[in-house]
Structure formats: C-alpha cells, structure tokens
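Trainee: From the sequence below, what's the structure:
(chains A, B, C and D)
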Amino acid sequence: MIDKLAANAAEAVSDIHDGATVMIGGFGEAGSPIELIHALVDHGARELTVVSNNTGSGRVGLAALIANGQVRKMVCSYPRSANSLVFPELFRAGKIELELVPQGTLAERIRAGGAGIPAFYTPAAAGTRLAEGKETRAFNGQEYLMEYGLRADFALVRAERADRYGNLVYNKTARNFGPIMCTAAETAIVQVREVVEAGGIDPECVVTPGIFVERLVQVPEPAQESELVKEGRSYP
Amino acid sequence: MIDKLAANAAEAVSDIHDGATVMIGGFGEAGSPIELIHALVDHGARELTVVSNNTGSGRVGLAALIANGQVRKMVCSYPRSANSLVFPELFRAGKIELELVPQGTLAERIRAGGAGIPAFYTPAAAGTRLAEGKETRAFNGQEYLMEYGLRADFALVRAERADRYGNLVYNKTARNFGPIMCTAAETAIVQVREVVEAGGIDPECVVTPGIFVERLVQVPEPAQESELVKEGRSYP
Amino acid sequence: MSESSKPATAGWTKSELARRVAQDIPDGACVNLGIGMPELVAHSLPEGREVIFQTENGLLGMGPAPPEGQEDPELINAGKKPVTAIPGAAYFHHADSFTMIRGGHIDICVLGTMQVSATGDLANWSTGDPGAIPAVGGAMDLVAGVKSVFVITQHATKTGEPKIVESCTYPLTGKGVVSRIYTNLAVLDVTTGGLVVTDLAPGVTMEEVREKTGTELTDGRQGNTAAEPPAGTATRGVGGNK
Amino acid sequence: MSESSKPATAGWTKSELARRVAQDIPDGACVNLGIGMPELVAHSLPEGREVIFQTENGLLGMGPAPPEGQEDPELINAGKKPVTAIPGAAYFHHADSFTMIRGGHIDICVLGTMQVSATGDLANWSTGDPGAIPAVGGAMDLVAGVKSVFVITQHATKTGEPKIVESCTYPLTGKGVVSRIYTNLAVLDVTTGGLVVTDLAPGVTMEEVREKTGTELTDGRQGNTAAEPPAGTATRGVGGNK
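Mentor: As a prediction, this is how the structure comes out:
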C-alpha cells in the first residue's frame, strides 16, 4: 500500500546530502516549513544551495539554517526584510553567495524545472542590471531574456492537509511556492497539519496531486516564525 | 458592480469577427462548449483559426462549425476519432488547413501564451517529422524544439459553476484545456451550468480565477454531443 | 512671473494623492498595489467603484486589513502584512500569480519609485550602493507585464533632488514601462513626446513643477499648452483606461 | 536445429502478455497507459500491488470502467472511454497533466506500436501515407518525458512483417525512447548494445524470435548468453525498475 508518511521530520530529511540543492517554500513565514528546516539544521548537511523567496527572519527557520553555516548559496528574489539579520551579515562578509532572481522569473523557472521545460523567455528584467550575462532575444519587437528551468534534489514544503498518496491542499496565501517546488524536486518533503484518508480530499480541490510528493510529515501544531522572532528565540 | 453574465450565448459570441483565432475547450465531448459553438455557427463569423484538441464528431458542435465552412485552419493534436467525419473530408479535399501539435506542446503553448512567455523549449517531437522547420537547441546534451506561446482573440470554454467575478470550477475530466485557454484569450467566454453568489465557491478550490474570464453564459442543461451524434443530428 | 516663492507645502497630501490615483482606476479593474504609499490607494476609491486587488503572493480579491486580534499569519499581502479576502476571492500558487502579472491580465499596478525618466524608465529597487543587499521581489515582473504602470511618489527627494529625471542614475527596474506619474504636485503622462502634465495639485503652478523636475515637461492640461490656468481651475483630463 | 516448425500460435495471448507487462510494474508506480492493448494492463496487476494510473486528459488515480448505465461523459480516459476515479484521485488541467508527463513524474508508460527499432526509436502515430489524416495526440510528449517507455505489441504484423526492426520506416514518435518491448513471443530490453532478449514466452525459442525480428538480438536470459535453455525453463530476469 502506498503510504508516504514518514515517522518524523528527522527521518524525512535524513538523506539530504552535503552540496544538495534544496527548495524551501514560503513567502516570509507564510508557508515556511519551519519544523522541516529545523530538522535539517539538526541533520547538519552543508554546502547547500537553497532556493527560497526570502532568507528568513530572526534566528529561527531558514535564518537558523543560514546562521548555522549550512548554506553556500541562496537563490531568491527578496533576501532582506524587516527582521532579516543573518543573511545580510553573512552576505556583506562574503560568506554566502546570492543569485538574485525576479520573483515571477523565480516562480516560472521552478515551474519549468518541474514541467520538463529546460528554458523559456521572459520580458522581466530585460534592459536591467539583472539581464547582464543573459541571452536576449526579440519576439515581435520586444526584448526577452532566456531563463533556465530550475530543479532541486529536495523540496521542503508546508501544506495544510494530505492523504497517504501525497495529494495536498494548502491554507490561504501559505500556498505560494509550495505547489511548484513539489514539482521541481527529485524528493519533495511536505509537512502538513493533518493527514486524512484517501478520498478525504475532494479530487476537484486537490492543489498538488500526489505524484509530485515523495514524503509527508505530520506536524499538527507548527511553530509560528514571527512569534519565535518576537520572543527572541534562536534555533537550535 | 462587476457582473460578467451575458444574456445568452448569442450575445456572448456576437463580436467574434471574421479571421479571429478562437480557442475551443474540450477533449472529445468532455468540456466542449457546445451551446457556445452553436451560437458561433448562427453568428456566422468566417475564416476562423480554431485551436482545439480534436475536430469534433458527427455534425454537431465543433464539427458543425467546420462543416459550415467557417474554419480556415485547425490547430490541434488529434484531428481524427471514431465519429470524426467532417474534418477528414474537408482536409483531404484541401479545403481546410491543419497545424498538428503534440498534445503536451499544445497545452504548454497555450499556457505560455496566457503567461506572457513568448517561447520555450520542449523535448516532445524532437527528431521527428513534426520538428521539421523548427528551431532546435541542445540543453545538457539533449535536443529540444523551440515552440511559441499561443494566444487567441476568443476562447469558448465550458465549466461547471461560476460566480459573477468569473471564478470557475469544472467537472472531472471536462476541465482539460479550459483553464489554460481562459488565460490565453483576449476574451474568454465561458458557459456554465450554474451561477452562484460571490463567495459561493471556496476560494481554495477556484480553478480559474475570475481575472481570466470576460463573459459568462448560463446553460443549465447543456446538450450531450455523443447523444446528438447517436441520434444522427446535425446543426443547424 | 515665478511663483516659486509659494510655500513648499503646496500640493496634495499623501492621502489626497492616493485619492487622486484612485480616481483614475476604472470600475471593474484588476489592480496590484506595491508596498508602502501605493497601499493607501486601496482605501481611497470613490464610493460605488468595485476594483479587484491582486497580491502577487497568491490572492485575487484582497480585502482590507483585519481588525486587531484577527490577523492570520497565513493570509498576508506582498508586504507581508495581514489582510483579508473578499467573498469571491481566489487563492493560487506563485506561477499562476505571475501568469496573471506577466500575461497582461492585471490592468494597473501602482508602484513607488526612487526615480522615473522622461521615457518611462523606472528605478525603484536598488540604490546601486555596493554595500546594499540587492532585493528585487516582483517589481520587474510587474512592470514588464501589467497593462498600465502608475507611479505614486513625492515629486522630489527629501533633500530636494528631482525624482523625475531625464535618465535614471539608479539601476533600472524596467525600461519604458511607466504610463503615468502621480506626485504631490502633479499628474504626468509618459508619452512618446516626453512627459506631459495633465493635472496640477491645488495651489501648484507649472513653473514650480518644472523647477522641481529634472527633465522637460509639456503642459497638457485641457485648454492649456503653455499658459497657466487660474489657480484652482485645473481640469482633470485623465479618466484612466475606462 | 531450427524450432521454427512449431505452431505460429505459440507465445502469450493478449491477456497473458498484459499480465507479463503488469508483473514488471513495481508497487507504488505511476503509470500512463496508451489506447488499445495497453489498457489491458490495468486489469492484470498481481494481487496486492498498488499502482496509480494517470490519464493525460486530467486524472490521476483512474479506476476501472464503470458498470453499464453509470457512465459519465465528463469522466473519460485518453481513449475517450468512460472510466472511474479511485478514492484519493485528483483532477487537473492539461498543462498540469503534461507537467507530470514531460517533467519526468510518470514512472512508466505502456504504448502500442507500429515499429520499434534496435536503438529504441518508436513509430506509432502515422503510416506516413499521404492520404492519412495525421493525428499525434500525446504520444510524443509521453515518450519524451516518461521515465520508462514500455512497448506492448504483437511481435510481427498480421502479414508477418517484423515490427522490431533495424531502423523504422514509418515516421518516428521519438528517437531512442523505448526501454523495453513486450511481444507475444518475448521480452526485449533496449540497451546501448542493441536489443537483449530477457524472457521468452512458453514454447517459444530464440530461433523463432530471431526469425521474426528485423534486427540482431542478444540472448540475455539468466544463465544464457547464446545457447537455448531447455524448453519451459526460461527464467524471468526482469523485475521492473523496483
């Protein structure tokens, strides 16, 4: 019987290897799989390339992973925000690389990676500094950049509910990058609040079909990143 | 107040002009917007380019539109099927053009057109007769074809339920090309069985957000193409 | 003839400016608002006008901020602040969100800026300072894909430097992407013939606007090509893209 | 020493062949079945093996045909025949469906064929006859994207022409895409060293297979590199991609 549920977060992330590319869902704290990230901190894999829209806040979640020196390179659209302390410090010190990608291009590159599209053209960033070194091409007189599909060894994603096949639904704007990251990773690892019986999710309302999910971890009451930051917590 | 509901199918298709490109949803009869197509037969616009997976069956729906001499060119993946009579006859007589596109490439071209992607690369059809005349490019040692995004002046789509904003849900495998065609057309015209109040569709379950839909027509009991074909009916 | 001796405080306040922008957003439009001053536009729509707000982090039909205590950390806007969803809203993932944006499905986006040029170049993401952490977010996708890009900004910087310039010195967000500029002093259309002033804030003169602008301006107010209208009678010739 | 004098009816029946294919589909696999003979595979799985079927027209978790009278014209497979959905199924649109297919998320597809070559070229969409209506459907996307492409076919045409050939004469569906060929006579792996026979149907000899094949074959049955095993003892060395 197909059952993708892992015993816990530690088991789910245990084969993430040094040098892996890891996509991490979330837009700010919304959709950030904080328990999976903390398990990855405990696990200790290093030299990671992390693809995520932001770089975390405070010293928990993604920021803790970065603070712990496990990340060699970030691929993201917006690496600074109100409580983002760790990344800016390491970046200024030259201790972490950054590939800055416009948010829509980041999303489309991930989607392309998952869909078997090796490259596509986008108008975003044409004529700007972020076009430097990129191939350009005109279609109907407008300039476009060629961008490559992006794939990862692992994705860490947070969703609301799953069945044993890995079918997923999300919660509100915590959906963001989760569905496309599941498609673009060899191994998509998803933490969910709730696991239901097969058939417990309306097949018309499935957002991520189970084919894109390899492992599930149930975390009924995930920590709230902003609360931890407010309390001045750090991980580990 | 935003309300996209048109009085009837005739009104909804009344500005489809001669020479227009029209995407028509459906995989076989599932999702085929038969009442909108019949309204387009009545309306009479000619020299149309029609993008649709198939070419209809019998002498109703899409087959009736073709039989009526309104279609200059079909863009589709599978123009023949058990009851497909009209297209093969006209095609052999040289009276209709065909652009044959692999089904996944067709879907991706429509999706790209709707997403502002002018072109992309796909492995499908590389090294085959359908690659003739197409630009190829190698990525990681594999050969890909460059394919262009596809847009249309109009889309005719069938969905299950809508609210006044044009948010849509579909029914089972009748979903097929509908959601992507809505994104790729200047004017997406959708026939639905049911119209509900704003808020009557769970925002987590909306398949086509209303931004992609321009007009709605309510058809509570659409005709079933296969039934009409079985009865030997033709339209008009 | 100079009126530059008028107090520098003449012009629209931020909330008046937001209302001035909102006035040009047609009924039924789909609009994306940038972070900061653009967000004020949502609360400034004329009575009876229904506008749909999209936020690129995955919500169409964004409503106002929730009452205190009812914030949901999983229901936020692009600025990561708590919002609500209207009846008839839809959630979607990031690739679908940027299908809306890049695919030309959003009618208007309203963005703040650091500089905007005579040809509609926009610079609003980086000072180019080598010590700064570069962060672009969705701005480059928005300006590349949304049908009309409105800029809302103070006419000049706090130190009096023009933000409307012949050519941007800051790194660009997009080339030739801005349709219209709303400042505390004036409304300017970006045309193939350069910037055209179509409206002045009450008490503001063309001379003052010209003095505070780093590029040439045409006076395109209705009935005026060069002369000043009597104060307070500036007609509003801009009706959005209705 | 030739055994070609055996009756031509030796080998697997269609349903035995479908079972032989099903035996190599590992537990938990996601599988797409082509129209026609491949559809038989769905009903031929060994007891206790859970396999998820995808149909490219928008359903993951396709179940068997419904009882007569309970057909739903909006719940069909790629062959446009009525099917059902299992508990835990999901519906999706065509772009998402081909994300599964092109993106390498489907483990196995089983397709019929007109010809297949020594290098795994597949020709199953067109005779190339100028009078034929060309129709390709999703076959080219499937062979380009699915991890393992299994072909299920009669070993030869009705008129006795080999379908397994040195090089296809019909227009290709894809180049070098086939992993394994299942015929009424044998199972053949496509390897960089050419076609390798890994299993024979009961009562079928290597000689017979070679005679009916248009290209060279290696005998790769366990314990055999060239010699024939005693009839009926052909071991089954192929365990799918478990």
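Trainee: Tell me where the chain has strands.
Mentor: Defaulting to chain A. A:21-24, A:48-51, A:71-76, A:97-100, A:119-122, A:136-139, A:142-148, A:152-163, A:168-169, A:185-196, A:215-218 (DSSP state E).
Trainee: try again with chain C
Mentor: C:30-33, C:52-55, C:59-63, C:84-91, C:108-111, C:115-117, C:122-123, C:148-153, C:164-165, C:180-183, C:186-191, C:194-200, C:217-219.
Trainee: hmm, the third one in reach of chain B?
Mentor: Yes. Applying CB under 8 Å from any CB of the partner chain, one finds strand C:59-63 touching chain B at C:60-61. Placement of C-beta: from N, CA and C, glycine included.
Trainee: In chain A, what residue lies closest to chain C?
Mentor: Nearest residue of chain A to chain C, counting by CB to the nearest CB: A:Gly104, 3.1 Å away.
Trainee: Can you get me a residue count around that residue?
Mentor: Other residues within reach of A:Gly104 by the criterion other CB atoms under 10 Å in any protein chain shown amount to 32.
Trainee: Correct me if wrong: it contacts C:Gly137.
Mentor: No. Using CB atoms under 8 Å, A:Gly104 is not in contact with C:Gly137, being 9.6 Å away.
Trainee: got the contact list for residue 173?
Mentor: In the absence of a named chain, this looks at chain A. When contacts are counted by CB atoms under 8 Å, 6 or more residues apart in numbering or on different chains, A:Thr173 touches A:27, A:30-31, C:55, C:57-59, C:74-76, C:91.
Trainee: should've been chain C
Mentor: Neighbours of C:Thr173 in contact, by CB under 8 Å, 6+ apart: A:128, C:122-125, C:136, C:139-140, C:143.
Trainee: now swap in C:Ala139 and tell me
Mentor: Contacts of C:Ala139 by CB under 8 Å, 6+ apart are A:102, C:34, C:111, C:124-125, C:173.
Trainee: And it, how far from D:Val196?
Mentor: According to CB to CB, to the nearest Å, C:Ala139 and D:Val196 sit 56 Å apart.
Trainee: Tell me, how many residues neighbour the nearest residue to A:Thr55 once chain neighbours are set aside?
Mentor: With sequence-adjacent residues excluded and distances taken as CB to CB, 6 or more residues apart in numbering or on different chains, A:Thr55 is closest to A:Phe87, at 3.6 Å. Other residues within reach of A:Phe87, judged by other CB under 10 Å, total 25.
Trainee: was I right about A:Phe87 contacting A:Leu100?
Mentor: No. The pair A:Phe87 / A:Leu100 is not scored as a contact, 11.9 Å apart, by CB under 8 Å.
Trainee: okay, and the common contacts of these two?
Mentor: In contact with both A:Phe87 and A:Leu100: A:Pro79, using CB under 8 Å, 6+ apart.
Trainee: quick revisit: what is the nearest of the contacts of C:Thr173 to chain D?
Mentor: C:Met140 (23.9 Å).
Trainee: Residue numbers of chain C in contact with chain B?
Mentor: Residues of chain C lying near chain B (CB under 8 Å from any CB): C:27-28, C:30, C:50, C:52, C:54, C:60-61, C:85-92, C:95-96, C:98-106, C:144-145.
Trainee: near chain A, which of those residues show up?
Mentor: Within the residues of chain C next to chain B, those near chain A by CB under 8 Å from any CB are C:85, C:91-92, C:95, C:98, C:101-102, C:144-145.
Trainee: and which of the contacts of A:Thr173 is nearest B:Ala112?
Mentor: Taking CB to CB as the measure, B:Ala112 lies nearest C:Gly58 of the contacts of A:Thr173, at 20.6 Å.
Trainee: got the contact list for the closest one?
Mentor: Contacts of C:Gly58 (CB under 8 Å, 6+ apart): A:27, A:172-173, A:175-176, C:91-94, C:96-97.
Trainee: and what of C:Ile181?
Mentor: Counting by CB under 8 Å, 6+ apart, C:Ile181 has contacts C:116, C:150-151, C:153, C:164, C:187-188, C:190, C:195.
Trainee: Go again with 6 Å.
Mentor: Contact analysis of C:Ile181 by CB atoms under 6 Å, 6 or more residues apart in numbering or on different chains lists C:116, C:151, C:188.
Trainee: so what's the last one bridging to?
Mentor: For C:Leu188, the beta-bridge partners under DSSP bridges are C:Ile181, C:Val197.
Trainee: how much space between the residue in chain A that chain D sits nearest to and chain B?
Mentor: Chain D sits closest to A:Gly199 of chain A, with a gap of 2.9 Å, by CB to the nearest CB. Per CB to the nearest CB, to the nearest Å, A:Gly199 is found 15 Å from chain B.
Trainee: To what extent is the residue nearest to that residue when sequence neighbours are not counted buried, counted in neighbours?
Mentor: Once flanking residues are discounted, A:Gly199 sits nearest to D:Pro87: 2.9 Å by CB to CB, 6+ apart. By other CB under 10 Å, the residues close to D:Pro87 number 14.
Trainee: Find me the pLDDT at D:Pro87, would you?
Mentor: For D:Pro87, the model assigns a pLDDT of 98.
Trainee: That one against A:Gly200, yeah?
Mentor: No. The criterion here is CB atoms under 6 Å, and D:Pro87 misses it with A:Gly200 at 8.2 Å.
Trainee: sorry, back to before: ok, the residue nearest to A:Thr55 - contacts?
Mentor: A:55, A:66, A:79.
Trainee: Now render those residues as a markdown table, adding pLDDT.
Mentor: Listed next are those as a markdown table, based on pLDDT from 0 to 100:
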| residue | pLDDT |
| --- | --- |
| A:Thr55 | 97 |
| A:Ile66 | 98 |
| A:Pro79 | 94 |
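Trainee: Out of those residues, flag the one nearest to chain B.
Mentor: With CB to the nearest CB as the yardstick, the closest approach to chain B among the contacts of A:Phe87 comes from A:Pro79, at 25.0 Å.
Trainee: tell me the contacts of C:Ala22?
Mentor: Per CB under 6 Å, 6+ apart, neighbours of C:Ala22: C:41, C:44-45.
Trainee: same check, this time on C:Thr218
Mentor: C:Val196.
Trainee: any idea how far it lies from C:Val149?
Mentor: In terms of CB to CB, C:Thr218 sits 20 Å off from C:Val149.
Trainee: Next: C:Leu217.
Mentor: From C:Leu217 over to C:Val149 (counting by CB to CB), the distance is 19 Å.
Trainee: Mind listing the residues bridging to the nearest residue to A:Phe120 once chain neighbours are set aside?
Mentor: In space, and not counting its chain neighbours, A:Phe120 is closest to B:Phe120: 3.9 Å by CB to CB, 6+ apart. Going by DSSP bridges, B:Phe120 is paired in beta bridges with A:Phe120, B:Glu147.
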